[in-house]
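In: Fold the following, please.
(one chain, ligands or ions: 2)
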Amino acid sequence: MNAHDSERLAGILASVGFAPAEEMGQADLILFNTCCVRDNAEKKLFGNVGKLKQKKRQNKKLLVGVCGCMMQQADVAEKLADTFPFVNIIFGTHNMAALPEMLYAAIFLGERTLAVSDQEDLPDETPALRAKPPLSAVNIMQGCDNFCSYCIVPYVRGRERSRSSEEILREVRGLAKAGYQEVMLLGQNVNSYGKGLAENIDFAGLLERVAEETGMKRIRFMTSHPKDASQRMLDVMARHENICRQLHLPVQSGSSRILRLMNRRYTREDYLELIRRVRETLPGMTLSTDIIVGFPGETEEDYQDTLSLVREVRFDAAYTFVYSIRRGTRAAAMEGQIDEKEKQRRIVGLVDLQGQITYESNLAHVGRRELVLVEDESRRDAGHVCGRTDGGKMVNFPGEPSLIGQFMPVEITQAKKTTLYGRRIDGDTQA
Ligand code: 5AD
Ligand code: SF4
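Out: Ligands and ions are numbered 1, 2, ... in the order given. This next block holds a predicted model:
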């Protein structure tokens with residue numbers, strides 16, 4: 001979501017005459033778009049902004065700004081402003097539309113702006129300056145009303161708000177026309193799409209219309225909350241070839257007791273039942289998840305429940321996190337905060353286990369034929385390009401940059417820990 005916010009900020013900048021710099025050394029404006037979901041980003045940001053002090057001394061015209069949801073926390077924005085007097089512009093996720101005025105004030109009046117408000121000011125249809133095809137992202141909703149007890153998102157991104165289906169369909173249609181082959185529908189909790197809209201629509205309904213009415217070749221979405229992932233959504237996925245067989249379903253913990261403390265509103269058993277239904281409706285679906293270890297009060301037994309759930313489900317991939325205290329959330333005030341060293345031990349055990357399972361899931365692809373949408377040149381292997389399978393697995397194979405944007409049939413020849421390797425099968429190149 002933040003990456004797409006950056007595309008929207010770039011769109012605003014383009015509308016007032018800015019263009020992307022080739023590299024940071026040539027930039028007139030350096031804008032950091034931040035995230036506050038976990039705490040390590042905060043440390044990195046202060047380090048990175050600090051490094052610019054020297055550059056500002058050498059180039060008096062250089063403008064530096066910091067924005068994003070981390071700035072949506074007023075105390076962090078103020079601390080940043082105090083620590084780094086050379087930062088010209090500081091604003092939250094709700095003040096993006098005011099960027100041209102803030103730039104004007106900095107350039108022509110020499111004024112500094114700190115803008116953090118609760119009311120969102122950017123119209124949804126503001127044109128974004130997107131990455132080149134084939135991949136694109138479209139927001140379908142903003143904010144979150146779930147209040148998981150560890151999470152800061154509802155506080156910084158505000159209440160849940162869905163965009164109208166007409167607006168979303170128009171945007172996706174425009175992208176398909178402009179040569180984008182894939183769209184990622186974005187929301188903190190896509191399954192509650194449609195609540196509060198005048199029209200009668202839910203996420204399954206929206207997904208079906210995007211699949212049928214936009215001409216988009218591949219559709220993905222994130223994030224689904226397990227408590228509201230509906231059978232209707234799974235049925236829509238099963239009916240449409242252009243909806244990718246990939247689902248990100250954050251479980252967070254394998255212990256029902258911890259899930260209750262996290263306010264996730266499902267149990268371990270509910271989650272396992274959902275996975276069973278997913279696999280029954282859509283065999284071969286790629287499944288990924290998010291997991292937190294070291295939540296306050298998590299015992300060894302709770303942690304073992306998480307490991308056993310991971311063994312049972314055998315996710316294709318998992319994003320694993322050490323619990324970090326987010327000020328103002330309910331979990332921050334809970335008793336039984338876990339010692340850092342113990343959290344580290346738990347994350348290492350989980351990462352090892354999932355690493356092995358991801359590798360085995362990759363190995364199972366060797367020998368298969370997959371249709372890969374070529375995204376880019378491979379950064380690691382010269383003369384290779386990379387792209388994803390329908391299920392979202394990354395594949396590297398020998399090829400020219402001219403293949404970017406095309407669907408290529410590829411035979412998987414080798415599996416590594418995080419990536420598959422393959423070779424082109426000549427002939428049919430149709431999606
Ligand atoms: N500590 C650790 N991980 C967190 N996440 C959200 N808040 C926290 C926190 N306070 C993780 C969750 C979520 C993902 C985006 O980030 O797993 O699904
Ligand atoms: Fe945070 Fe929970 Fe909302 Fe996800 S669903 S953004 S974890 S509060």
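In: Mind pulling up the pLDDT for the residue in the stretch 1-150 of the chain positioned nearest to ligand 1?
Out: Closest residue of the stretch 1-150 of the chain to ligand 1, CB to the nearest ligand atom: residue 150 (4.1 Å). Using the backbone N, CA and C atoms, a C-beta is placed for each residue, glycine as well. Looking at residue 150, its pLDDT stands at 98.
In: try the one 10 residues further on
Out: Taken from the predicted model, the pLDDT recorded for residue 160 is 94.
In: all strands for the stretch 201-350 of the chain, in order.
Out: Remark: strands assigned in the stretch 201-350 of the chain by DSSP state E, counting those that start in this stretch are 218-222, 246-248, 286-293, 317-322.
In: So which of these is nearest residue 377?
Out: Among those, strand 218-222 comes nearest to residue 377, with 20.0 Å by CB to CB.
In: State the mean pLDDT of that closest one.
Out: On average, strand 218-222 scores 98.
In: which helices and strands does it pack with?
Out: Helices and strands touching strand 218-222, by 3 or more CB pairs under 8 Å, 6 or more residues apart in numbering; DSSP states H and E, are strand 182-186, helix 203-213.
In: Might one say that residue 158 is in contact with residue 118?
Out: Yes: Residue 158 is within contact range of residue 118, at 6.6 Å (criterion: CB atoms under 8 Å).
In: count of neighbours near residue 288?
Out: The tally of other residues near residue 288 (other CB atoms under 10 Å) stands at 18.
In: Could you measure from it over to residue 265?
Out: Separation of residue 288 from residue 265 (CB to CB, to the nearest Å): 21 Å.
In: same deal with residue 21?
Out: Per CB to CB, residue 21 is found 46 Å from residue 265.
In: Tell me which helix or strand residue 114 sits in.
Out: Assessed by DSSP states H and E, residue 114 sits inside strand 113-115.
In: wait, residue 81
Out: Per DSSP H and E: helix 74-83 holds residue 81.
In: which residues sit against that helix?
Out: Identification of contacts with helix 74-83 by CB atoms under 8 Å, 6 or more residues apart in numbering yields 36, 42, 45-46, 49-50, 66, 70-71, 87, 90, 92, 112, 114, 116, 327.
In: Which two among the residues you listed are spaced furthest apart?
Out: Greatest spatial distance in the contacts of helix 74-83: 112 and 327, 25.2 Å, computed using CB to CB.
In: I'd say residue 236 and residue 209 touch.
Out: No: if you go by CB under 8 Å, residue 236 and residue 209 don't touch, sitting 9.7 Å apart.
In: who touches residue 187 in this structure?
Out: If a contact means CB under 8 Å, 6+ apart, then residue 187 has 139, 140, 141, 142, 193, 221, 222, 223 as its contacts.
In: Quick check: phi and psi at it.
Out: Main-chain torsions, residue 187, degrees, to the nearest 10: phi -170, psi 150.
In: pLDDT score assigned to the closest residue to residue 343 other than its chain neighbours?
Out: Computed as CB to CB, 6 or more residues apart in numbering, the closest residue to residue 343 that is not its neighbour in sequence is residue 294, at 3.5 Å. Note for residue 294: predicted pLDDT of 98.
In: and if you look at the one 4 residues further on?
Out: The predicted structure scores residue 298 at 98 on the pLDDT scale.
In: now do residue 431
Out: With respect to pLDDT, residue 431 has a value of 44.
In: In three-state terms, label residue 136 for me.
Out: Judged by DSSP: H, G, I helix; E, B strand; the rest coil, the three-state class of residue 136 is strand.
In: Can I have the buried ones of the contacts of helix 74-83 as a ChimeraX selection?
Out: Paste this into ChimeraX to select the buried members of the contacts of helix 74-83, with burial taken from 16 or more other CB atoms under 10 Å:
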select :36,42,45,46,49,66,70,71,87,90,92,114,116
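In: Other residues contacting the longest helix belonging to the chain?
Out: Taking DSSP state H as the criterion, the chain has its longest helix at helix 340-363. Here helix 340-363 makes contact (CB under 8 Å, 6+ apart) with 291, 293-294, 298, 303, 306-307, 310-311, 314-318, 320-323, 338, 393, 415-420.
In: ok so, going back, using CSV, please lay out the strands of the stretch 201-350 of the chain together with distance to ligand 1.
Out: Formatted as CSV, the strands of the stretch 201-350 of the chain follow (distance: least, CB to the nearest ligand atom, whole Å):
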stretch, distance to ligand 1
strand 218-222, 10
strand 246-248, 9
strand 286-293, 3
strand 317-322, 4
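In: Need the distance between the two termini of stretch 327-346.
Out: Stretch 327-346 has an end-to-end distance of 23 Å (criterion: CA to CA, to the nearest Å).
In: Now intersect the contacts of helix 340-363 with the helices, please.
Out: Reading helices off these with DSSP H, I get 303, 306, 307, 310, 311.
In: For the fourth one, give me its contacts.
Out: Applying CB under 8 Å, 6+ apart, one finds that residue 310 lies in contact with 254, 291, 318, 350, 353, 354, 357.
In: ok, of those, which one's closest to ligand 1?
Out: Nearest member of these to ligand 1, counting by CB to the nearest ligand atom, is residue 291, at 6.6 Å.
In: Wait, the closest one touches residue 255, no?
Out: No: counting by CB under 8 Å, residue 291 does not reach residue 255; the two are 11.2 Å apart.
In: Give the burial count for the residue lying closest to residue 185 once chain neighbours are set aside, as a bare number.
Out: Spatial nearest neighbour of residue 185, chain neighbours left out: residue 221 (4.0 Å); criterion: CB to CB, 6+ apart. Neighbours of residue 221 under the rule other CB under 10 Å: 26.
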